[in-house]
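Engineer: Any chance you can model this:
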Amino acid sequence: MLRYQTRIIDLRIGEFDYRIRALKDRQQYYDPDEEAERAGVPPAMWAIFGQLWPTGVHLASEIAKRDIHGKRILEIGCGLALSSLVLQRGGADVTATDQHPLAERFLHHNAGLNHLIKVPYVHLDWRDDLDATLGKFDIIVGSDVLYERNHATLLSNVVGLYAADAAEVLIADPGRGNCGAWTTAMLANGFTSTESRFSVEGRPVHSGRLMKLQR
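Structural biologist: The predicted structure is shown next:
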């Protein structure tokens, strides 16, 4: 029996309508075996994965504009995996990753809601030894994945391991303070950087950043 409440969110991304099952609110919590806490998800952060954040919607909308058919793409910190669903519909070879123990369950449920085939999922904890057997990816995407100070270094390591020699990285951020450190690390690893701005509700106008890095 589920011990948390959910809701269905309907939204349109590009030319398609999507149905997403999300947690009802940020007050939801259920970790009887402390599985999430062992995975590095403290109680105060437990419900974060299950929200549909504006940065995730913006990233998915950007992806929907692109021709990604046949591209090998990694979504990091996928949460509800809206971007992975958009990528799957667009014909990409996508792998979704997260550290939350319920992310895979929500991903597969949401794929079913949208009549999509099962999206491959890998549990990925940036703090642990990363699984090099995943191989290399043409594109790496993520939204709001730089919300802690050490995430700039950890994300740099993730990109360094999984990005192909000629790769693109798309990261949507609501305007947190760790973007500069991460971009600097990426430039040192041979990437070039451009970014565009967008507005995020509840934050200063145009505080959101879509960072696009290529090499």
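Engineer: Which stretches in the protein count as helices?
Structural biologist: Taking DSSP state H as the test, the helices found in the chain are 35-38, 54-64, 82-89, 103-113, 151-162, 179-188.
Engineer: from these, which stretch is densest packed?
Structural biologist: helix 82-89 (a mean of 26; mean count of other Cβ atoms under 10 Å). (C-beta placed from N, C-alpha, C; glycine too.)
Engineer: Counting by contacts, list what the biggest strand by length in the chain packs against.
Structural biologist: Across the chain, the longest stretch assigned as strand under DSSP state E is strand 163-173. With contacts taken as 3 or more Cβ pairs under 8 Å, 6 or more residues apart in numbering; DSSP states H and E, strand 163-173 sits against helix 54-64, strand 137-143, helix 179-188, strand 208-214.
Engineer: thinking again about what came up before, I'd like to know which of the helices of the chain lies nearest to residue 203.
Structural biologist: helix 54-64 (9.0 Å; Cβ to Cβ).
Engineer: between that closest one and strand 208-214, how many degrees?
Structural biologist: Inter-element angle recorded for helix 54-64 and strand 208-214: 40 degrees (by axes from the mean of the first three to the mean of the last three Cα atoms, to 10 degrees).
Engineer: Quick one: low-confidence residue ranges for the chain.
Structural biologist: 1 (pLDDT under 70).
Engineer: follow-up on the earlier one: now tabulate the helices and strands packed on strand 163-173 in CSV and tack on distance to residue 23.
Structural biologist: What follows is the helices and strands packed on strand 163-173, written out as CSV (distance: least, Cβ to Cβ, whole Å):
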stretch, distance to residue 23
helix 54-64, 14
strand 137-143, 17
helix 179-188, 27
strand 208-214, 22
